[in-house]
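*Asks:* fold the following.
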Amino acid sequence: MFPVDPIIISTIPSQGSTEWMNVQVDKLKEDVRMFLKTCNNTRARMFLLDTLQRLGIDHHFQDWIDAALIEILESTEFSSSSSLQEVSLRFRLLREHGYWLSPDVFNKFMADDGSFSKYLTNDPRGLLSLYNAAHLLVQGEPILEEAISFARHHLESMSGSLKSPLAGEVKRALHIPLPRTCRRAETLHYISNYEKEEGHDPILLELAKLDFNLLQYVHLKELRAITEWDERAVSLLPDYLKKLYIELLRTFKNIEAEMPRNINYDIAYLKKAIQNNVMGYLQEAEWSHKNHKPSFEEQINLTSVTIGTPALCVCMMAGMDNMEMKQTLEWTSSVPGPVIAAAKIGRFMNDIAAFERRKCKGDVASTVECYINDHGVTGEVAIARIDTLLEVEWRTLNQARFENRAMLPALQRIIGLARSATFFFDNRNDAYTSSKHLRRTIESFFVKPI
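*Replies:* Numbering: from 1, shown residues only. Below you'll find the model as predicted:
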């Protein structure tokens, strides 16, 4: 167990305050629904949809969003739009939600020589929108690769002259593009930015703040429950593995007790996923014991399992609403391409962040070390090559949105797990080993209400 700061327990809101927040949220949701009914302009609906998503309150209005996406997809008015911001936002929203849109929509912004037109360099909001949209590219889309390079170059050159809140958005996007950010962290930033925007909607802002705080309350209750686990029996156990095993069994029993009887088959999938993960640990232990030096391919195939992503993906699907549960669990348990891609993203980012620290530990070699051994290159070259492979996996996840649209609710969770890696390994820091640099952010997530 890791220690939880006592301040977390003492800051849990009272039942009365959360009841008041729930009442306010319900009232504000009705106000927003009335407003949504009056928003009949397709462009306005598109920008409003983006705002709802980035404020983290889109889950309250999913039916409206589904209808708006169809309207945005089928609308012909964007074909004549000369706004880079509009065309890029439409591209990003549709691709995020599993609708295929050709990158040819950006041809209108290209010069005769095949590069993006120079007049776009005076449009920071358009460039930012293009930069974020282009990161939903798949393999074989050179126009989007060019869009990323073009937008990044000009955003960097103008970043010093931009004013808040746009300057903050540009800075964050250049650090981590929007489609790859940890969504909870982005929501926290965007609420602050949105409040500074001229013409922001105070009802949306208030709803976003209360919704954030209510979810924070749920997380605090969960953390308190963790601290109350009974550890009195630990002294009776011979080793930590039995403790882990007992806690896992307890967790499964608790989940099983909460599940409706007709879907308690979830537990069998969860147990199998954990078993596969533990088998991977045993293989790693055998390699270490025998001083086996795996190849890069051997290493990534095994450690994509032991990083825990395949097991976590199965766990995340248990109890999901509005889905064909058994079909989803079977699909996720088969460790399909998107799960493998998410696992590799976590594995590569972890190993790059931990490379210098791991070199003197003597445990199983990382993917970076295996690549060095296989190809006889320096650590710097190996990391550069793995960065390229990392980009391939992001594109694989993007492609999965269109190839597996029937599984989109499950896919969004898998993609969310991959996006969390950019949070834990930000700036190539290993937050699992040294988390001091995340203290303020964690406090904002769990302790300090907005």
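*Asks:* tell me which helix or strand in the chain has the weakest average pLDDT.
*Replies:* Ranking every helix and strand in the chain by mean pLDDT, DSSP states H and E puts helix 6-10 at the bottom, with a mean of 52.
*Asks:* mind checking what helix or strand follows it in sequence?
*Replies:* helix 15-38 (DSSP states H and E).
*Asks:* ok, and for that next one, which residues are buried?
*Replies:* For helix 15-38, the neighbour count (16 or more other CB atoms under 10 Å) marks Thr18, Met21, Val25, Leu28, Lys29, Val32, Leu36 as buried. Bear in mind the C-beta positions are built from the backbone N, C-alpha and C, glycine included.
*Asks:* in which helix or strand would I find the residue lying closest to Lys344 once chain neighbours are set aside?
*Replies:* Leaving aside its chain neighbours, Lys344 sits nearest to Glu393 (4.7 Å; criterion: CB to CB, 6 or more residues apart in numbering). Per DSSP H and E: Glu393 is located in helix 379-403.
*Asks:* which residues touch the very next helix or strand once past that helix?
*Replies:* Going down the chain from helix 379-403, the next helix or strand is helix 408-424, by DSSP H and E. Residues outside helix 408-424 that contact it (CB atoms under 8 Å, 6 or more residues apart in numbering): 97-98, 176, 180-183, 185, 309, 312-313, 316-317, 320, 322-323, 328, 331-332, 338-339, 341-342, 345-346, 349-350, 393-394, 397, 400-401, 404, 430-432.
*Asks:* what's the angle from helix 408-424 to helix 379-403?
*Replies:* 160 degrees (axes from the mean of the first three to the mean of the last three CA atoms, to 10 degrees).
*Asks:* please report how far the spatially closest residue to Thr18 that is not a sequence neighbour lies from Glu443.
*Replies:* Once flanking residues are discounted, Thr18 sits nearest to Tyr217: 5.5 Å by CB to CB, 6+ apart. Tyr217 is 15 Å from Glu443, where distance means CB to CB, to the nearest Å.
*Asks:* what segments of the stretch 51-200 of the chain are helices?
*Replies:* Applying DSSP state H, counting those that start in this stretch to the stretch 51-200 of the chain gives helices spanning 62-74, 84-96, 124-134, 142-158, 166-175, 183-196.
*Asks:* could I get the average pLDDT for the first one?
*Replies:* The average pLDDT for helix 62-74 rounds to 97.
*Asks:* next: the second one.
*Replies:* For helix 84-96, the mean pLDDT works out to 98.
*Asks:* neighbouring contacts of it?
*Replies:* 43, 46-47, 49-50, 69, 72-73, 78, 81, 100-101, 103, 105-106, 108-109, 120, 123, 125-130, 132-134, 136, 178-179, 398, 401.
*Asks:* check the longest one too.
*Replies:* The set of residues that contact helix 142-158 without belonging to it, under CB under 8 Å, 6+ apart, is 103-104, 106-107, 110, 115-116, 120-121, 124, 127-128, 130-131, 133-137, 170, 173-174.
*Asks:* same thing but at 6 Å, please
*Replies:* Pro103, Phe106, Phe116, Thr121, Pro124, Leu127, Leu130, Tyr131, Ala134, Leu137, Val170 (CB atoms under 6 Å, 6 or more residues apart in numbering).
*Asks:* shaky segments in the stretch 1-150 of the chain?
*Replies:* Residue ranges of the stretch 1-150 of the chain with pLDDT under 70: 1-16.
*Asks:* how about 90 then?
*Replies:* The model of the stretch 1-150 of the chain has pLDDT under 90 over residues 1-19, 40, 114.
*Asks:* what does the stretch 201-350 of the chain give?
*Replies:* 217-275, 278, 281, 285, 288-289, 291, 315-329.
*Asks:* one more time with 80, if that's ok
*Replies:* 222-267, 318-325 (pLDDT under 80).
*Asks:* which stretches of it form helices?
*Replies:* Using DSSP H, counting those that start in this stretch, helices in the stretch 201-350 of the chain cover 202-227, 240-258, 266-290, 296-306, 309-317, 325-333, 337-358.
*Asks:* dump the ones you listed into TSV; add mean neighbour count as well.
*Replies:* Converted to TSV, these look like this (neighbours: other CB atoms under 10 Å):
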stretch	mean neighbour count
helix 202-227	16
helix 240-258	12
helix 266-290	16
helix 296-306	20
helix 309-317	22
helix 325-333	18
helix 337-358	22
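*Asks:* as a markdown table, the ones you listed with distance to Tyr190 would be great.
*Replies:* Shown next, in a markdown table, are these (distance: least, CB to CB, whole Å):
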| stretch | distance to Tyr190 |
| --- | --- |
| helix 202-227 | 8 |
| helix 240-258 | 33 |
| helix 266-290 | 34 |
| helix 296-306 | 32 |
| helix 309-317 | 24 |
| helix 325-333 | 30 |
| helix 337-358 | 23 |
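*Asks:* just so I know, which of the helices of the stretch 51-200 of the chain lies nearest Arg224?
*Replies:* Among these, helix 183-196 comes nearest to Arg224, with 19.3 Å by CB to CB.
*Asks:* that older thread, who wins for neighbours among the contacts of helix 142-158?
*Replies:* Leu130 (30 neighbours; other CB atoms under 10 Å).
*Asks:* pull the contacting residues for that residue.
*Replies:* If you count contacts by CB under 6 Å, 6+ apart, then Leu130 has Leu84, Ser88, Ala147, Ala151 around it.
*Asks:* where's the first one relative to Ser117, distance?
*Replies:* When distance is defined by CB to CB, Leu84 is 9 Å away from Ser117.
*Asks:* of these two, which one has the most company?
*Replies:* Ranked by neighbour count (other CB under 10 Å), Leu84 and Ser117 place Leu84 first, with 25 against 14.
*Asks:* report how many residues lie close to the nearest residue to that one once chain neighbours are set aside.
*Replies:* With sequence-adjacent residues excluded and distances taken as CB to CB, 6+ apart, Leu84 is closest to Gly126, at 3.3 Å. Using other CB under 10 Å, Gly126 has 20 neighbouring residues.
*Asks:* now Asp104
*Replies:* Neighbours around Asp104, by other CB under 10 Å: 8.
*Asks:* nearest residue to it in space, please, no chain neighbours.
*Replies:* Nearest to Asp104 is Ile143, by CB to CB, 6+ apart, at 7.8 Å.
*Asks:* next: Asn404.
*Replies:* Leu411 is the one closest to Asn404 (CB to CB, 6+ apart), at 5.8 Å.
*Asks:* and the one you found, how far from Leu84?
*Replies:* 28 Å.
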